[in-house]
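Asks: below are the sequence and a predicted model; questions follow.
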Amino acid sequence: MARLSNGFLGNASGKIGNVVFARWRNIFTARQYQPDIQDANTPAQQTQRTRMMALLLFLKPLNKSFIRLFNAALDKNSTPWAVAIKANMKGVSPDACMPMQKLTLGNPTIPAVKLLKADYDPFINQVVLNYTSGANYPVPKSMPLVLASVLGKYKSENNQHLFDTRNSLREQPAGFFFSSFTEGFKYDNYDNLWDAGLIWLMFFDAEKAIGQMNLNENLSFPASFVPVPILDYFNTDYNNDAVPVEALSWQYSEMPGEDVLVFTIDLEKTTITDPEDAAIGLVLVSFNNEKFEYVKPELWQLTESSFSVVVGNDKALGSFILLYGVVNKDMEQISRFNRLYIEENIDGTVLPLFQQLFDTAYTHPLSFVLGGNTCGFCGSLDELFSDFVSFWESLYHKDDPPPVPPTVYKLSLALVGPGDVIVEGCEYIDEFFYYFNDGESAQLTVQPDEEAHFLEWQGPDALDITVKETGVYYLLMSKDRDITAAFELDEPEV
Amino acid sequence: MSTQNKIDYSKFKCEVFHPDGSFLKDARFNASHYFYCENLVPGNLYFLVFSYDDILIECMQFRCQQAGKVVYLYPMHIVFNNEVANLPPRLLEALRPKIANRLKYDVPVMPWAKQTMQNYFTENPNYMCNKYTISKILCYGAGLDITQKVK
């Protein structure tokens, strides 16, 4: 196939003789007409076609999201999809397998970050990644802006590739990634538990803040990870829900010196047929007094219709998340994991989940997805105001008393009539007042307009003004002052 | 061993005001020195006033367009939002004691505020507040989804 850079036949399109002219994305091409195609279908061709099919199946779910995001700006004479096919064909193995860590997108130039931690927290359905970018990265030393792209891949079923593409581009704290989760505590939702994932980082600096940012500039190679649940035995392998959340109820029980949470089960709302062959394994995390704490796991034999968990002597003043699964006599799991937020404390006070998670610093508040038509903000004092902290701590030393600011008095000056007053000696001014340090004097120079003269000082502090010389006055600033300079027009000569 | 006194983080405040100068609420703080505020209305403008022991540190004007989002305010977010504005007169009046304290202690302008001013004034050379004076309190934009600036 020939590429015709300027289209020597104009905008020719179609067949002339045995040459076919065509135009694709402003590229004019000519190729030989092939009326009969002999498909040899050799083993090598079959392998290649199988590999291509595997690649297409893998990339297709990413076409409108990650592929478009990373590849759109790479080649103006091609499509993001075509760039992705070309870049990833080499990652497909001869047996037509496309491992996720072989995925190539964009034009990364920075080495992949080193992952220190990849945890999944089933209590709040959150993935937390912790990474270090190493010493040789072009990460701005101060005020880094880090954008993260995280692609999660769920367990494949029936050779279908299922991805979580919701985190295509997110602002995140340097060194971390927190996946988002909602407050509405839908108990069957563990959609942030991925089988594997990739994280790309983009680093920007402050001087390039004006205008558009190029995603492929300072883009890191992807780092692969496998999220590990913080509870060893947590899984999403079971779909059946033998003990739905609706079958459980709870209340606090008052016992001297101990707070007790009592759970009750309504077996009619369950699919448990033999309570002797079923038990609930439960784990609680408490949020109380600005701290969170995991309560020791318990096993509740369902021959008992209620079960008490001692949570300590003051934890019931807070709230809890309960995570539970169902096992049989042989301790084999027979039902899915569910979770429940116990939002009321022992006093009956409702404690909203996000406030509790924030107050106890359980996770980063930027990961909260607020309900209703609301939004919010969060941040760190240490990130925003570290310079203020340094400034304040440099003001005084341990044995010194706290710094006392100098006493400052303000001068209010009003003008009546045609003239102006020049004020000197002040520390600073704003739209309303002149500010003087205690004991300083304000020097006031009156300047009447032409055919006008200064009449007198008025106001509550006028009597304290002293004359220095003609047209120049002093006022000792020993307190806040309020004066008015009065001018009047000269009388016309007769 | 350092003999410097530590700052008392309990004296930090983040107050949220309406544009008319009326007080809305305080943000929450936790032991990790993070602040958090929820239940704001997307699209509405709010003014955030950060202070320490009644000393004004910096102000921000906050507008988030995305329902459900908790916007993470950090130095580069402010720089990339690239907005500088004057405080509304009524809010300025309400903050006068805090501003006076800031001037008394000669509190430095935060580096991200300086960088934002520098970038903004480069882009808007005729903007009225480019004559920055010590007594002039500016506020810096926040809330824009800066991932939209990435191509």
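Replies: Right, received. Where do you want to start?
Asks: counting neighbours, what do you get for B:Leu92?
Replies: Neighbour count for B:Leu92, taken as other C-beta atoms under 10 Å in any protein chain shown: 19. C-beta coordinates here come from the backbone N, C-alpha and C atoms, glycine included.
Asks: apologies, that question was intended for A:Asn289.
Replies: 13.
Asks: what does the one 3 residues further on give?
Replies: Residue crowding around A:Phe292 was assessed by other C-beta under 10 Å; the count is 20.
Asks: likewise A:Pro43?
Replies: 7.
Asks: over to A:Ser412?
Replies: Neighbour tally, A:Ser412, other C-beta under 10 Å: 15.
Asks: so in terms of bridging, what pairs with it?
Replies: Under DSSP bridges, the beta-bridge partners of A:Ser412 are A:Asp482.
Asks: that one contacts A:Phe432, doesn't it?
Replies: Yes - A:Ser412 is within contact range of A:Phe432, at 7.3 Å (criterion: C-beta atoms under 8 Å).
Asks: anything in stretch A:311-318 near chain B?
Replies: No - for stretch A:311-318, no contact with chain B is found by C-beta under 8 Å from any C-beta of the partner chain; the gap never falls below 14.0 Å.
Asks: which residues does that stretch contact?
Replies: Residues from elsewhere that reach stretch A:311-318, judged by C-beta atoms under 8 Å, 6 or more residues apart in numbering or on different chains: A:252, A:257-261, A:284, A:286-289, A:293, A:295, A:320, A:345-347, A:351, A:356.
Asks: so which of these are in helices?
Replies: In helices, judged by DSSP state H, the following of those are found: A:Gln356.
Asks: may I see the buried residues of the helix or strand where A:Phe388 lies?
Replies: Using DSSP states H and E, A:Phe388 sits in helix A:381-393. When burial is assessed from 16 or more other C-beta atoms under 10 Å in any protein chain shown, helix A:381-393 yields the following buried residues: A:381, A:383-385, A:387-389, A:391-392.
Asks: also near chain B: which of those, exactly?
Replies: With C-beta under 8 Å from any C-beta as the criterion, the buried residues of helix A:381-393 include A:381, A:383-385, A:387-389, A:391-392 near chain B.
Asks: could I get the residues you listed as JSON lines with pLDDT and distance to A:Gly372?
Replies: Below are those laid out as JSON lines (pLDDT from 0 to 100; distance: C-beta to C-beta, whole Å):
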{"residue": "A:Leu381", "pLDDT": "96", "distance to A:Gly372": "28"}
{"residue": "A:Glu383", "pLDDT": "91", "distance to A:Gly372": "28"}
{"residue": "A:Leu384", "pLDDT": "94", "distance to A:Gly372": "28"}
{"residue": "A:Phe385", "pLDDT": "95", "distance to A:Gly372": "31"}
{"residue": "A:Asp387", "pLDDT": "93", "distance to A:Gly372": "37"}
{"residue": "A:Phe388", "pLDDT": "94", "distance to A:Gly372": "34"}
{"residue": "A:Val389", "pLDDT": "93", "distance to A:Gly372": "36"}
{"residue": "A:Phe391", "pLDDT": "91", "distance to A:Gly372": "40"}
{"residue": "A:Trp392", "pLDDT": "90", "distance to A:Gly372": "39"}
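Asks: for those residues, which one is nearest B:Lys25?
Replies: A:Leu381 (17.7 Å; C-beta to C-beta).
Asks: can you pull the contacts of the closest one?
Replies: A:389, B:9, B:12, B:29, B:33-35.
Asks: which one of those is nearest A:Asn167?
Replies: B:Tyr34 (21.4 Å).
Asks: just give the number of residues close to the closest one.
Replies: The number of residues packed around B:Tyr34, counting by other C-beta under 10 Å, is 21.
Asks: check which helix or strand covers B:Ser51.
Replies: strand B:46-52.
Asks: hmm, I typed the wrong one, I wanted B:Glu93.
Replies: Counting by DSSP H and E, B:Glu93 is part of helix B:89-94.
Asks: which helix or strand lies directly C-terminal to that helix?
Replies: Immediately after helix B:89-94, counting by DSSP H and E, sits helix B:96-105.
Asks: bridged to A:Met213, which residues?
Replies: With DSSP bridges applied, the residues forming beta bridges to A:Met213 are B:Val150.
Asks: can you pull the contacts of it?
Replies: A:204, B:149-151.
Asks: hmm, 7 Å instead?
Replies: With contact set as C-beta atoms under 7 Å, 6 or more residues apart in numbering or on different chains, A:Met213 has these partners: A:204, B:149-150.
Asks: spatially nearest residue to B:Cys59 (excluding sequence neighbours)?
Replies: Once flanking residues are discounted, B:Cys59 sits nearest to B:Cys139: 3.8 Å by C-beta to C-beta, 6 or more residues apart in numbering or on different chains.
Asks: in the sheet, who's paired with the one you found?
Replies: Per DSSP bridges, the residues bridged to B:Cys139 are B:Cys59, B:Ala85.
Asks: residues near it, how many?
Replies: So B:Cys139, with other C-beta under 10 Å, has 22 neighbours.
Asks: can I assume it is in contact with B:Phe47?
Replies: Yes - between B:Cys139 and B:Phe47 there is a contact under C-beta atoms under 7 Å: 6.4 Å.
Asks: overlap in contacts of the two?
Replies: Joint contacts of B:Cys139 and B:Phe47 (C-beta under 7 Å, 6+ apart) are B:59, B:61.
Asks: residue ranges for the strands of chain B, please.
Replies: B:12-17, B:23-26, B:28-29, B:34-40, B:46-52, B:55-62, B:70-73, B:84-86, B:138-142 (DSSP state E).
Asks: A:Asn107: which of those is closest?
Replies: strand B:70-73 (27.1 Å).
Asks: okay, now the sheet partners of the closest one, with direction.
Replies: strand A:375-380 (parallel).
Asks: now the partner strand - C-alpha only, PDB.
Replies: Provided in PDB are the C-alpha atoms of strand A:375-380 (Å, rounded to 0.1, in the frame of the first residue of the first chain):
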ATOM      1  CA  CYS A 375     -20.300  18.300  48.200                       C
ATOM      2  CA  GLY A 376     -17.600  19.200  50.600                       C
ATOM      3  CA  PHE A 377     -13.900  19.800  51.100                       C
ATOM      4  CA  CYS A 378     -11.000  18.400  53.100                       C
ATOM      5  CA  GLY A 379      -7.300  19.000  53.500                       C
ATOM      6  CA  SER A 380      -4.300  18.900  55.800                       C
END
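Asks: grab the longest helix from chain B for me.
Replies: Every helix in chain B considered (DSSP H), the longest is helix B:111-123.
Asks: would you map out the domains in chain A?
Replies: Listed domain ranges for chain A are A:2-32, A:43-102, A:114-229, A:245-369, A:408-489 (source: automatic domain parsing).
Asks: could you dump the ones you listed into CSV with distance to B:Phe23 and mean pLDDT added?
Replies: CSV is the format used below for the domains of chain A (distance: least, C-beta to C-beta, whole Å; pLDDT from 0 to 100):
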stretch, distance to B:Phe23, mean pLDDT
domain A:2-32, 57, 71
domain A:43-102, 41, 90
domain A:114-229, 26, 84
domain A:245-369, 20, 91
domain A:408-489, 21, 88
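Asks: ok, which of these comes nearest B:Phe80?
Replies: Nearest of those (C-beta to C-beta): domain A:114-229, 4.9 Å.
Asks: gap between the two ends of the closest one?
Replies: Chord length of domain A:114-229, first to last residue, is 20 Å (C-alpha to C-alpha, to the nearest Å).
Asks: residue 114: neighbour count?
Replies: Just so you know, I chose chain A. 10.
Asks: that's the wrong chain, I meant chain B
Replies: When neighbours are counted by other C-beta under 10 Å, B:Lys114 comes out with 15.
Asks: who are the contact partners of it?
Replies: Here B:Lys114 is in contact with no residues (criterion: C-beta under 7 Å, 6+ apart).
Asks: buried ones in stretch B:143-151?
Replies: Buried residues in stretch B:143-151 (16+ other C-beta under 10 Å): B:143-147, B:149-150.
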